[in-house]
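**Student:** can you look at this prediction? I've put the sequence above it.
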Amino acid sequence: MLAQSRELFHRTNLVLRANHKIRYDSRMQEHTSSNAGLISRSLSAVWHPCSQMKHYETFPLVPIARGQGVWLHDFDGRRYLDTVSSWWVNLFGHSNPRINAALRDQLEKLEHVMLAGFTHQPVVELSERLRALAPAGLGHCFYGSDGASATEIALKMSAHYWRNSGQPEKVQFISLQNSYHGETLGALSVTDVALFRDAYGALIHQQATVASPDSRNAATGESAEAFALRCAEALESHLQRHHAQLAAFIIEPLVQGAAGMAMYHPAYLRRARELCDEYGVHLIADEIAVGMGRTGTLFACEQGKSYSDLPPKGEGAFVLSPSVGKLDRGISPDFLLLSKGITGGYLPLSVVMTHDNIYQAFYADETTRGFLHSHSYTGNPLACRAALATLDIFAQDDVLNGNRARAAFFNHLARPLREHPAVYNWRNTGMIWAFEVRSKHADFAQRCFALGLQHELLLRPMGNTVYFMPPYVISEDEMQLLAARTLSIIEALV
């Protein structure tokens, strides 16, 4: 009798589940065929990142059905030019056929295997190729899953290196004012963003900051180079006083993204390298956002050189690119952090590259001297294969030279935007542009975003700072559309 009751219950449950699935599938088909349907489902089930969810009552989510090239398409037939590369990650366009093909091939071979005690071809090949491309001496790759985890790895690895080297007191770090290095607790300790500090300050040990060489803060008539070197004096003063306790100085080379695309002269990088060498402090180059060609060279650190002919502040565009100035050589940091664009914007992956002498400090019989850090998906084969396909495109398409031509073209056609009376601090580094807008609207960023969507542009201003970081495949026609429609938006908001 008990067995019959169980069987009846089981059959009834199956019928109920089948009926529920039919109703669920019907609702899903209805609610995924339009923007409104997906917005409703998303707000019901998804907690979106770095958001006040209540704000989506006023500024609705933007549902995306598909992507192609520089364009994102919603469910209702509208399109949006992805001017920010989907949070600075996409390099070669959405649905890139070559990266797609590489991932399909890898899916038929190996989707994942843990990297502790095992290895696989994509991670080995990627590590070898990055070693050949990176600044001299960066011979070993440690993998994480995103930018913040790369920061955590580098901070831990630096402090652990000093411990293994008989200097356990070196556990402090410094960063630039207004810096951003991620939102996990260790990364937040070297991030200087008031919003995060106020919310999570009780959970973190906030590290010291030194003056940012942000060229917008230069004195009238002071060149970007002179200002950068003046800021380096503040770094030197801090190192003089605290080097015995300092493990590392972490820096975003050339461009501080979350600081409103703050751009600075590469002379600061060279001086920082010299000072860190002099005082025995590691230099961590956070190229999570600015690496992979974004600043004009494959790695931003390559531009840690001497430039002598950049325009001083206030004289036209502030441009930092490999085609400007007299170059000699770049710098090699102790740690180089890569993420975002390394997979072309396809899959989460981060890499911490470091020098042989740091690697050797962990090479011992004792487990406690090894680097104690791991992620379940460390060195995932699919992500590594996407990264290899991305490197193939760089090599096959002469991307860096192509980007120099694109940047020059856009700087020329954007002149009406740059010279608009409400626009100031126009600046450009490689494939990054930014400027500030004088506007009567306190909610300029929200209005600009909304107007941008109406003009087929995905713009995400930071305060009154508008910036562009488009995929490298943007065409001349698309650049003309971007410049012209942004100008229309600015004129509507001033």
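**Tutor:** Perfect, I can see it now. Numbers count the residues shown, from 1 in each chain.

**Student:** where does the stretch 101-250 of the chain have low pLDDT?
**Tutor:** Along the stretch 101-250 of the chain, the model assigns pLDDT under 70 to no residue.

**Student:** ranges for the helices of it?
**Tutor:** Secondary structure of the stretch 101-250 of the chain (DSSP state H, counting those that start in this stretch): helices located at 121-133, 147-164, 185-188, 194-200, 224-242.

**Student:** buried ones in the third one?
**Tutor:** If I follow you right, that is helix 185-188. For helix 185-188, the neighbour count (16 or more other Cβ atoms under 10 Å) marks Gly186, Ala187, Leu188 as buried. Heads up, the C-betas are built off the backbone N, CA and C, glycines and all.

**Student:** and the residue sitting nearest the centre point of the chain, what pLDDT?
**Tutor:** Residue closest to the average C-alpha location in the chain (Cα atoms, centre = their mean): Ala289, at 2.8 Å. The pLDDT attached to Ala289 in the predicted structure is 98.

**Student:** how much space between it and His420?
**Tutor:** Between Ala289 and His420 the distance is 27 Å, computed by Cβ to Cβ, to the nearest Å.

**Student:** same thing with Leu188?
**Tutor:** From Leu188 over to His420 (counting by Cβ to Cβ), the distance is 37 Å.

**Student:** can you give me the strands for the stretch 201-350 of the chain?
**Tutor:** 208-210, 246-251, 255-256, 262-263, 282-286, 318-320, 335-338, 350-355 (DSSP state E, counting those that start in this stretch).

**Student:** which outside residues touch the fourth one?
**Tutor:** For strand 262-263, the external contacting residues (Cβ atoms under 8 Å, 6 or more residues apart in numbering) are 178, 212, 214-216, 254-256, 318, 320, 427-429, 432, 434.

**Student:** also the last one?
**Tutor:** Residues lying outside strand 350-355 but in contact with it, judged by Cβ under 8 Å, 6+ apart, are 130-131, 134, 137-147, 149-150, 153-154, 157, 288, 332, 334-339, 342.

**Student:** in it, what counts as buried?
**Tutor:** In terms of neighbour count (16+ other Cβ under 10 Å), strand 350-355 has its buried residues at Ser350, Val351, Val352, Met353, Thr354, His355.

**Student:** equivalent analysis for the first one, please.
**Tutor:** Along strand 208-210, the positions that meet the burial threshold by neighbour count (16+ other Cβ under 10 Å) are Thr209, Val210.

**Student:** run me through the strand neighbours of that strand, direction for each.
**Tutor:** strand 172-176 (parallel) (DSSP bridges).

**Student:** send the alpha carbons of the partner strand over as CSV?
**Tutor:** The C-alpha coordinates for strand 172-176 follow below in CSV (Å, rounded to 0.1, in the frame of the first residue of the first chain):
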residue,chain,number,x,y,z
GLN,A,172,52.0,47.9,3.1
PHE,A,173,51.1,49.3,-0.3
ILE,A,174,50.6,52.6,-2.0
SER,A,175,48.6,53.7,-4.9
LEU,A,176,47.6,57.0,-6.7
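
**Student:** quick revisit: can you say which of the contacts of strand 350-355 are buried?
**Tutor:** Buried among these by 16+ other Cβ under 10 Å: 130, 134, 138-147, 149-150, 153-154, 157, 288, 332, 334-339, 342.

**Student:** mind listing what Ile474 touches?
**Tutor:** Ile474 touches Val70, Arg406, Leu482, counting by Cβ under 8 Å, 6+ apart.

**Student:** ok so it is a helix residue?
**Tutor:** No - when classified by DSSP: H, G, I helix; E, B strand; the rest coil, Ile474 is found to be coil rather than part of a helix.

**Student:** quick revisit: would you agree the residue nearest to the centre of the chain is in contact with Trp88?
**Tutor:** Yes - with contact defined as Cβ atoms under 8 Å, Ala289 and Trp88 form a contacting pair (5.1 Å).

**Student:** who touches both of those two?
**Tutor:** Gly257, Lys340.

**Student:** lowest-confidence stretch among the strands of the stretch 201-350 of the chain?
**Tutor:** Taking the mean pLDDT of the strands of the stretch 201-350 of the chain, strand 318-320 comes last: a mean of 41.

**Student:** could you chop the chain up by domain?
**Tutor:** 97-397, 399-493 (automatic domain parsing).

**Student:** export those domains as TSV, with columns for distance to Asn35.
**Tutor:** Output for these, formatted as TSV (distance: least, Cβ to Cβ, whole Å):
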stretch	distance to Asn35
domain 97-397	23
domain 399-493	11
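
**Student:** circling back to that earlier point, distance of the residue nearest to the centre of the chain from Val124?
**Tutor:** From Ala289 to Val124 the distance is 26 Å (Cβ to Cβ).

**Student:** may I have the helix or strand containing Ala36 as CSV, with CA atoms only?
**Tutor:** Using DSSP states H and E, Ala36 sits in helix 35-45. The C-alpha trace of helix 35-45 is given here as CSV (Å, rounded to 0.1, in the frame of the first residue of the first chain):
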residue,chain,number,x,y,z
ASN,A,35,12.4,44.5,-24.2
ALA,A,36,9.6,44.9,-21.6
GLY,A,37,9.4,41.2,-21.0
LEU,A,38,13.1,40.6,-20.3
ILE,A,39,13.3,43.8,-18.2
SER,A,40,10.5,42.5,-15.9
ARG,A,41,12.2,39.1,-15.6
SER,A,42,15.6,40.6,-14.9
LEU,A,43,14.4,42.9,-12.2
SER,A,44,12.6,40.0,-10.6
ALA,A,45,15.6,37.6,-10.5
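
**Student:** quick check: which of the strands of the stretch 201-350 of the chain is nearest to Thr367?
**Tutor:** strand 350-355 (19.8 Å; Cβ to Cβ).

**Student:** parallel or antiparallel, list what pairs with the closest one.
**Tutor:** Partners of strand 350-355 in its sheet, by DSSP bridges: strand 138-144 (antiparallel), strand 335-338 (antiparallel).

**Student:** what's the closest of the ones you listed to Arg415?
**Tutor:** Once the strands paired with strand 350-355 are compared by Cβ to Cβ, strand 335-338 is nearest, at 33.8 Å.

**Student:** who touches that closest one?
**Tutor:** So strand 335-338 is contacted by 130, 134-135, 138, 147, 150-151, 154, 157-158, 248, 282-288, 291-292, 299, 301, 350-354, 358 (Cβ under 8 Å, 6+ apart).

**Student:** returning to what we had before: right, and the pair among the contacts of strand 262-263 with maximum separation?
**Tutor:** Of all the pairs that those form, the one spanning the most space (Cβ to Cβ) is Asn178 and Asn428, at 19.5 Å.
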